[in-house]
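Undergrad: Sequence and computational prediction follow.
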Amino acid sequence: MGAIVRAILGLPLAGLVVVGLFLVMWAQVKPDEIVEVNEVDPVQINITRQIEDSAVRNERRFERPKLDAPPPPPPAIERQNFEPQVDGVRAAAPDFGTDVDIGSGFNPDRDAQPLVRVNPSGFERCIDRDEGEERVRLEFDVDPAGNVVNVEVLSSTDRCYNRYAVRAAERWKYQPKIVKGEAVPRRGVQTTIVFSIGAG
């Protein structure tokens, strides 16, 4: 019921407000002061494409690119068997600091010889000083395949470094010991791993 009363009273009031606003705006505009706008001629822009004279184009001649001289033929190969020629090449065996005897060149038998040595890694948590060195003395066996087995720690200056030295030694690779032309186990190989600590 209240909505109907509001609608009956609100509609005439809204009409009065609209008419009042219209009269106020009509007074503001003042139709007798409207200025007529003269029409201005539109701006015309002509874009013409410049055509190049065919005579100028015909004067340009096509020139073939000049090729470089062909490379000289490869030198003639005198030796036809392609075998490498080695004249007295000698190399000293690297010193890995291990207690192994590599034998002589006249003996077909030889002791185990180191081939691959992996440096220890991950031992940074053991470092408790700015410089110096820690040593771990190891003993291990080399099987006929050249793998390092049975790694044991004989002595160390810091026990924290022991497992990192053992892990590194287990990844080493050796040429196996040869006796009478056959690979045999080599037992009791000893070596010392030195962990150098310092800025250098």
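TA: Ah, there it is.

Undergrad: what about the strands in the protein?
TA: Using DSSP state E, the strands found in the chain span residues 113-116, 132-142, 148-156, 173-175, 177-179, 182-184, 186-197.

Undergrad: Neighbouring strands - and their directions - for the longest one?
TA: According to DSSP bridges, the neighbouring strands of strand 186-197, each with its direction, are strand 132-142 (antiparallel).

Undergrad: is it possible to export the strands of the chain to a markdown table including mean pLDDT, mean neighbour count and distance to residue 122?
TA: For the C-beta atoms, the positions are set from N, CA and C on the backbone; glycine is no exception. Output for these, formatted as a markdown table (pLDDT from 0 to 100; neighbours: other C-beta atoms under 10 Å; distance: least, C-beta to C-beta, whole Å):
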| stretch | mean pLDDT | mean neighbour count | distance to residue 122 |
| --- | --- | --- | --- |
| strand 113-116 | 88 | 16 | 19 |
| strand 132-142 | 91 | 18 | 14 |
| strand 148-156 | 93 | 15 | 16 |
| strand 173-175 | 91 | 18 | 20 |
| strand 177-179 | 90 | 19 | 31 |
| strand 182-184 | 90 | 14 | 32 |
| strand 186-197 | 89 | 16 | 12 |
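
Undergrad: Can you pull out the low-pLDDT segments for the protein?
TA: The chain contains residues with pLDDT under 70 at 30-69, 75-107, 199-200.

Undergrad: Quick one: the helices in it, in order.
TA: 2-29, 54-59, 162-170 (DSSP state H).

Undergrad: what's the most buried one of these?
TA: Highest mean neighbour count among these (mean count of other C-beta atoms under 10 Å): helix 162-170, with a mean of 19.

Undergrad: Residues touching that one, excluding its own?
TA: 117-123, 126, 136, 138, 140, 148-149, 151, 153, 156, 191, 193, 195 (C-beta atoms under 8 Å, 6 or more residues apart in numbering).

Undergrad: ok and that helix relative to strand 148-156, angle-wise?
TA: 150 degrees (axes from the mean of the first three to the mean of the last three C-alpha atoms, to 10 degrees).

Undergrad: before we move on, the earlier item: format the strands of the chain as JSON lines; extra columns: distance to residue 73.
TA: Shown next, in JSON lines, are the strands of the chain (distance: least, C-beta to C-beta, whole Å):
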{"stretch": "strand 113-116", "distance to residue 73": "43"}
{"stretch": "strand 132-142", "distance to residue 73": "53"}
{"stretch": "strand 148-156", "distance to residue 73": "53"}
{"stretch": "strand 173-175", "distance to residue 73": "45"}
{"stretch": "strand 177-179", "distance to residue 73": "49"}
{"stretch": "strand 182-184", "distance to residue 73": "50"}
{"stretch": "strand 186-197", "distance to residue 73": "55"}
